[in-house]
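what shape does this take:
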Amino acid sequence: MDELIKAIHTTPIIDNHAHPLLTAAFQGKYPLLAITTEAHGDAMNTTKSSLSHIRAVNQLSSILSCPNNWESVVKAIEQEKLKPDAWMKRCFQGIETLLVDDGLDGKEEVYGYEWHDRLVRGKCKRIVRIEKVAEEFIEELLTEEGMTLQGAVPKFVQRFTASMKKAIRDPEVVGFKSVICYRAGLDVSDVSPEEFVREFKELFSMLKARGATTFKRIDRSIINCFLVNLTADIIQDSPGWKKPFQFHTGLGDNDITLTRSSPAHLQSFIRKYPTVPIVLLHASYPWTKEAGYLASVYENVYTDIGEVFPFLSQEGQENVVREILELCPTEKILWSTDGHWFPETFLLATLQVREALEIVLPEYVNKGVMSIPQAVRAVQDILFTTSNTLYNLSLPLVPLLTALPLNSSPAQRQSDLQVLTNFLTKNSDTRFLRLQYIDYTSTLRIRIIPLKRAQDLLKKGEHLSVGITTASLGLLQNDTLAPGMTGTGEYKLVGILSSLSPGPAKGYASMMCEFRNLDGSEVSLCPRTILRNAVQNAKSTQGLEFLLGFEIEIVFLSRPPLSENKGDTYILPPGSAGHAWNSSRALHSPSILLMLEEIYDKLFKAGIELEQFHPEGASGQYEFILPPHPPLQAVDMLVYAREIITSVAASYDLRATLHPKPFAFQPGTASHAHMSISSSGGDEKKCYESFYSGVLDSLCAILAFTYCNPVSYSRMLDGCWAGGRWVAWGTQNRETALRKIKDSHWEIKVIDGLTNMYFSIAAIITAGTHGVASKYQLAINDCAVDPATLDESERADLGVENMLPKDLPSALLELEEDEILQGLGKGVLERYVNVKRGELKLLEPMKVHEKWKWVIDRY
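As a prediction, the model looks like this:
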């Protein structure tokens, strides 16, 4: 669940509806009590007993480190005002940009929308409140010398129309807003020009008769409906992207007629303007379900779930999120603070929406309603992506740099316990939990926690974690330290409960782990964290998402009979004679067949549904094809599948090995990766060719990850369907490093089972994402034959000019010089190269057979 919780806390917020802060001179005009209520006047006297106010006091007193009462909070805020910039920036922390409706107050009372740029990461934009514009024009006409009743009507319409068209052209304006809900209700009727002229003349005559020189509010239904329809006409007739039209719905002060504030009243208007994007503000509370319905059935309708944070109780807020998700796609949901006057309204709103999402979304994941990636997308849609797309902001989704504490919140701890509890209902024989990770030598290392101990930790509100030496990310296979490492320092090894899976043995369940510093922050050297961040970066900067599937090739070996066993070799199992690629003969051995069936059954129980399995080309070699998943889940699945396969084989007295070249004159053993770009537009040439161009550009460096052991290079041969020795690609060409299958679906051929796949996929995604960001074009043409069969000029015609590194030392040099892969994280390449050079030194004195057995013993 950590991935989801992190997304909730690090996804920046596009506040799609906010109001300006009061200037220092006017901060005393309104009571601070207004930060949690729509009440005014005497009705505000009872606010302090409301759940929303009590919660605000609790949260603000905690942040301000003051006593837990309103008076102390007010005093502490006054102290913070002595250093206003720091306090205001704290209140706006986590907000990417504001879309500011600056029509709520007089211009002299509040800061301009652009002033707020200093408080957020991006540039703020403006929302035009149409009634405010109209009221200002009426006031102008009242004081304009010589203005007659007959002249006022066309002048007003002309000026209002021109102003709306100017706003359409203005890049600083990203939308419009109407408060007709307050003035006439949301049943926006059609108004004829004659009706409008008659109503406007009556209003203007009345104002003139009174000698009015100011005008603040249009209360006449006909005029309000005319303005809303006119604005929608202008938006609908505008060229290109249509700027959204926001409507206040539901929740408001006592100036509103509640029964007329339901967005259901807008249905006819919505149908009339199918190309005008309509945003229903404020969760339409208490009409949230109606808003969700309208957004789900009308293409042009979106629903905002703002203002209820912080005006509702915590339970009420959570129910709003649940109700909107009952029907509404997350791509149609936006969020806003409706923050106004006081910076504390922004602070409370952003804090509380993350808390609500942290309760509701993990519940859905635990119930199987959503997967972790789907829940992460929901967070990003609601807080960022929907607004970014709807308002045409073109902002990159760059995660916040907030550290995720180990004990992040009660919701996180509760969700972990719930995940384990739900898991046990289906896997009641579980007695032990394996906390596991893959280190820099590709060794799977584990800690085992008895189930009761794990349950006790989670029930006490602690994270499922163990202390572990920092040297664990710098150990060689014989537990000696790599160059530059020491035995001092400690990390926390944190179990990722969402990755929990049965197996590999009866009574055991496994979960992948990530390393954290003792303060809960990420360890930049953690392999799984590196992949997770690479995936997140691809999504946030370029909108890229991926599907990944692996082919597991394994060779099954046995020991010689005791009378012949000298303890230094492996042989093929009985019944291996006549083994060939896809040969039925390879399945005639009853013991082999039983083992393969047991492997299938145990994988299935672990939630791994093989797409197929079959004999491969080398003696004793079989291939198991895993289904596609998002990268992090796909690599986790690969780890689980391999461990189940090797554990089942061991129960049959067989050794399952990933050795890249177990037999000198037979096909090698790989772990080919099938990758496709699953995000929108991923199958377009301009996208996937840029991506794979980036991969090819860094392929020589990537090879240090994908061929990470000296023996890996014994598999790198031409003419063996192994990807060859050249930096090349080809459509359905198994002799090139990258095989294009269809559109964005390509196969990475030059990768074997000894790699730490978290590193390899992170490197591939990082290089490919850079290619997309840089708009690379393929400099290498489609190679239809084995590049090794071409002469130099033929290869040059295809752009095939570079050979892959011939050995691990050469690949490590390429890796050290690759600037793009420095993006994997601070110190990662240095640590990786040091470990690999330590391995080279360890293996260097070994003879060929000794090295062969050493690899099979471990991989």
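
F176 belongs to a strand?
Yes - per DSSP: H, G, I helix; E, B strand; the rest coil, F176 lies within a strand segment.

run a quick neighbour tally on it.
For F176, the neighbour count with other C-beta atoms under 10 Å is 26. No exception for glycine: its C-beta is placed from N, CA and C like everyone else's.

again, but for K841
12.

in which helix or strand does it reside?
helix 828-843 (DSSP states H and E).

for F515, give me its contacts.
437, 468, 472-473, 491-494, 522-523, 525-526, 529 (C-beta atoms under 8 Å, 6 or more residues apart in numbering).

how many other residues sit next to the closest residue in space to K506 that isn't next to it in sequence?
With sequence-adjacent residues excluded and distances taken as C-beta to C-beta, 6 or more residues apart in numbering, K506 is closest to D429, at 6.7 Å. Look at D429: counted by other C-beta under 10 Å, it has 10 neighbours.

report pLDDT for D429.
Looking at D429, its pLDDT is 93.

hmm, A505 and it touching each other?
No - D429 is beyond contact range of A505, at 10.8 Å (criterion: C-beta atoms under 8 Å).

in three-state terms, label the spatially most central residue of the chain for me.
Centroid-nearest residue in the chain: V376, 5.1 Å away (criterion: C-alpha atoms, centre = their mean). What three-state DSSP gives for V376 is helix.

tell me how far it lies from R220.
48 Å (C-beta to C-beta, to the nearest Å).

wait, doesn't D190 sit right on F226?
No - counting by C-beta under 8 Å, D190 stays clear of F226, with 9.3 Å between them.

which one's more surrounded, the two?
For D190 versus F226, neighbours defined as other C-beta under 10 Å are more numerous around F226 (26 against 11).

now that one: phi and psi?
Note on F226: its backbone torsions stand at phi -60, psi -40 [degrees, to the nearest 10].

my guess is it contacts R198. True?
No - using C-beta under 8 Å, F226 is not in contact with R198, being 11.1 Å away.

what helix or strand does A356 sit in?
Residue-wise, A356 maps onto helix 343-366 under DSSP H and E.

lowest-pLDDT helix or strand in this protein?
Taking mean pLDDT, DSSP states H and E as the measure, the helix or strand of the chain with the lowest value is helix 410-426, at a mean of 75.

can you give the distance from that helix to the centre of its chain?
22 Å (C-alpha atoms, centre = their mean, to the nearest Å).

check the gap between the closest residue to N388 other than its chain neighbours and G543 for me.
Using C-beta to C-beta, 6+ apart and skipping residues adjacent in sequence, the residue nearest N388 is L395, 5.3 Å away. Separation of L395 from G543 (C-beta to C-beta) stands at 11 Å.

equivalent analysis for D636, please.
Distance from D636 to G543, by C-beta to C-beta: 24 Å.

quick one: which of these two has more around it?
Using other C-beta under 10 Å, the more surrounded residue of D636 and G543 is D636, with 22 against 17.

ok so the more buried one is a strand residue?
No - going by three-state DSSP, the assignment for D636 is helix, not a strand.

can you map out the helices along the stretch 151-300 of the chain?
180-183, 193-210, 221-237, 267-272, 288-297 (DSSP state H, counting those that start in this stretch).

contact partners for I554?
Per C-beta under 8 Å, 6+ apart, neighbours of I554: 621-624, 642, 645-646, 649, 656-658, 669, 753.

pull out the buried residues from the residues you listed.
621-624, 642, 645-646, 649, 656-658, 669, 753 (16 or more other C-beta atoms under 10 Å).

quickly name whichever of these is closest to E3.
Among these, R642 lies closest to E3 (C-beta to C-beta), at 22.1 Å.
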